[in-house]
Structure formats: structure tokens, C-alpha cells
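Participant: I would like to see how this sequence folds:
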Amino acid sequence: MHTVSWVSQQLGLAPGTLRAWEQRYGIVNPNRSEGGYRLYSDDDLDTLRAMAALVAAGMQPAQAAEQIRSGRASRGANRGGGVPSGLPDPEALIAASRGYDARALETALDAAFAAASFEYVIDEWLMAALVPIGDAWAGGRLDIAQEHFISAAVMRRLAAAFAAAGSPRGGAQVVTGLAPGATHEIATLAFATMLRRAGLRVTYLGPDLPRRSWAQAVRTINPDAAVIGAPRIDDRQAAVDVTGALREAAPLTVVYIGGPGATPEHALAGATLGEAAGRLADTLAGSRTRPDPAGPGLRGVADRIA
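Facilitator: Below is the predicted model of the structure:
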């Protein structure tokens with residue numbers, strides 16, 4: 001259970017805002033301590049994160065609360081293994097882009113992110129939805145401007161979720177960004193958001209980061225791990241070159257490559273972004289003493305960068 005001050009720090013929201021959302025919209029119902037203080041569960045925290053992300057993306061609080069409430073039954077089905085019913089057809093995104101209909105596009109994204117957990121929506125809906133969008137562009141059914149219209153809306157939503165997830169004061173730290181020349185950042189930013197939601201401190205460096213800039217950032221931050229996004233197979237060599245620079249800049253930082261351009265020796269474990277984020281969080285939670293990379297607890301991971 002979490003106190004109101006802890007939740008406020010995690011989400012970057014004033015305690016008065018948390019109380020207002022509870023009293024006006026009924027989206028959470030925290031327990032009370034013996035002294036009468038609010039105690040929030042992990043489910044409450046997830047709900048408040050979702051609410052904060054919707055509001056940060058421009059939705060009015062009352063509308064965001066309605067989206068949260070309408071999606072609860074679907075999220076329950078998700079936990080039980082069912083498929084949430086509120087997820088829109090990916091064709092809705094394509095249809096909205098044809099007329100550059102921002103309202104229709106935002107409505108589809110609102111429905112998706114209110115229907116289930118962030119991780120489920122990304123892994124089971126968004127990643128799959130990007131395939132027909134890419135196919136429509138490749139087949140000439142969408143102009144590049146229309147594809148960018150969709151991508152920009154998705155990136156705004158992910159950036160809001162990343163900010164809403166907050167950053168804990170303690171815990172393991174991860175730096176993530178894209179390899180030199182890599183510009184498709186949706187999956188990498190989604191992964192960074194999942195890491196934050198898993199309780200890690202995350203610094204996101206963005207796309208197309210030169211090797212020397214990677215080294216400078218990691219040398220300065222000295223994180224527990226660095227994850228280099230390689231969204232295309234063609235990004236592999238550039239990502240591998242960065243791993244060498246990071247090994248010299250910060251020998252104790254464990255380095256991974258994520259995406260289709262990952263090599264077996266640097267690949268993250270996990271079949272989905274959510275699974276990979278959870279496994280990395282678990283791995284780093286067991287290695288907070290920052291031992292020698294070849295020492296107990298990190299040997300299997302360190303072998304990936306040897």
C-alpha cells in the first residue's frame with residue numbers, strides 16, 4: 001500500500017488533485033490507515049497513471065474518468081486471459097488519417113488505452129496495428145504524411161504516458177534510446193515507459209543518437225543498464241558499434257540491444273515489450289549492489305557484452 005505523498009511523487013501530481021479525482025470522479029477508492037490516512041493499492045496506482053496520461057494528452061478530467069470507468073470491465077477480462085472488448089479496429093486509425101481527422105484519431109487512441117493496461121494495449125494492439133498501417137503506406141493507400149499523422153499522435157500519447165509514469169528516487173537506473181541512424185522510436189519509447197511503470201529510473205535519449213553521444217551520456221549517468229533500440233535489421237551494425245563505445249565508457253553498465261536489429265549476445269529476454277521490461281526490471285532488482293560484471297548475480301547478463 002502507498003501513501004498519498006508517495007503516489008504524488010511517483011505521478012507528479014499534487015495531493016489535492018489525487019483527492020479531487022477520487023471525490024469527484026470515483027476512479028479510486030483507497031483504503032485508510034488506522035489514523036485515517038489514504039493508502040493506495042497497486043491497482044489504484046495504475047488507474048491514476050492512466051488518468052494522468054489521458055489528461056496530459058489533452059482530455060478533460062471528467063471525460064478521462066469516464067474512459068477509465070468504462071474500461072474497467074475490459075481490464076478485468078484482460079487479467080483473466082480474455083481479450084478486451086474496447087480495442088478499436090486498426091482500420092479506424094487508417095480511416096482517420098485519410099482525412100487528417102485528429103478528433104477521430106484521438107478518439108480511437110482514447111478507446112484503446114482505456115480498454116486495458118498500457119502493456120497489453122502496446123503489445124497486443126498497437127504493435128499489431130502498425131503492421132497494416134505500414135502495409136497501407138507501402139501499397140500506396142496512405143501517403144507518408146498520413147502515416148506521419150498517425151505516428152505523431154501515437155508518440156504524443158506515449159510521451160504523456162512516460163511522463164505520467166514518473167521516476168522513483170531510488171531503484172535501478174536505465175538509459176535507453178535509438179542507434180545512430182534509427183528514427184522509428186515508437187517501440188523504444190513504449191519500452192522506456194514500461195520500464196518506468198515497473199519502478200525503474202529511466203532516461204530516454206530519443207532517436208538517431210551518435211555513438212559519441214551515447215558514450216558521453218552513459219559515462220555521465222553511469223546507469224545500471226543501457227538499452228539501444230534497433231527497430232530495423234539494418235540498424236544492427238550501428239547498435240553493435242555503440243555497445244563497444246559503452247563498454248569503454250562505463251564498464252559496469254550492462255548493455256542490451258532491443259528490436260529486430262538485436263544480436264543474440266545482446267538481446268533482451270522476452271517475447272513482447274512488456275515481458276522484456278518485466279524481466280529486465282527483475283534482473284536489475286537483484287543486482288542493485290552493482291557488483292563486478294563477472295561476479296555473482298550478473299554473470300549470465302555480463303556474458304552478453306563480453
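
Participant: so what pLDDT did Ser85 get?
Facilitator: Confidence at Ser85, expressed as pLDDT, is 54.

Participant: One more: the one 3 residues further on?
Facilitator: Residue-level confidence at Pro88 comes out at 83, pLDDT.

Participant: For it, what is the enclosing helix or strand?
Facilitator: Under the criterion of DSSP states H and E, Pro88 resides outside all helices and strands.

Participant: Can you check my assumption that Leu105 lies in a helix?
Facilitator: Yes: judged by DSSP: H, G, I helix; E, B strand; the rest coil, Leu105 forms part of a helix.

Participant: Geometric centre of the protein: which residue is closest?
Facilitator: Thr193 (2.3 Å; C-alpha atoms, centre = their mean).

Participant: Could you find the closest non-adjacent residue to that one?
Facilitator: In space, and not counting its chain neighbours, Thr193 is closest to Phe162: 4.4 Å by C-beta to C-beta, 6 or more residues apart in numbering. All C-beta spots, glycine's among them, are computed from the backbone N, C-alpha and C.

Participant: show me what contacts that neighbour?
Facilitator: Shown in contact with Phe162 (C-beta atoms under 8 Å, 6 or more residues apart in numbering): Leu189, Ala192, Thr193, Arg196, Val202, Tyr204.

Participant: when you check these against the helices, which ones overlap?
Facilitator: Among the contacts of Phe162, the members falling in helices (DSSP state H) are Leu189, Ala192, Thr193, Arg196.

Participant: mind listing the strands for the stretch 101-250 of the chain?
Facilitator: In order along the chain, the stretch 101-250 of the chain carries the following strands (DSSP state E, counting those that start in this stretch): 173-178, 201-204, 225-229.

Participant: okay, the ones you listed, which one's buried deepest?
Facilitator: Burial of the strands of the stretch 101-250 of the chain is given as mean neighbour count (mean count of other C-beta atoms under 10 Å); strand 225-229 ranks first at a mean of 28.

Participant: distance between that one and the chain's centre?
Facilitator: Using C-alpha atoms, centre = their mean, to the nearest Å, the distance from the centre of strand 225-229 to the centre of the chain it belongs to is 14 Å.

Participant: got a list of contacts for that strand?
Facilitator: By C-beta under 8 Å, 6+ apart, the surrounding residues in contact with strand 225-229 are 172-179, 182, 185, 187-188, 191, 214, 218, 235, 239, 242-243, 246, 250, 253-259, 266, 268, 280, 284.

Participant: Just those residues: which are in helices?
Facilitator: Filtering the contacts of strand 225-229 for helices - DSSP H - leaves Ala187, Thr188, Phe191, Trp214, Val218, Ala239, Val242, Thr243, Leu246, Leu280, Leu284.

Participant: pretty sure the third one is in contact with Gly278, am I right?
Facilitator: No: if you go by C-beta atoms under 8 Å, Phe191 and Gly278 don't touch, sitting 11.1 Å apart.
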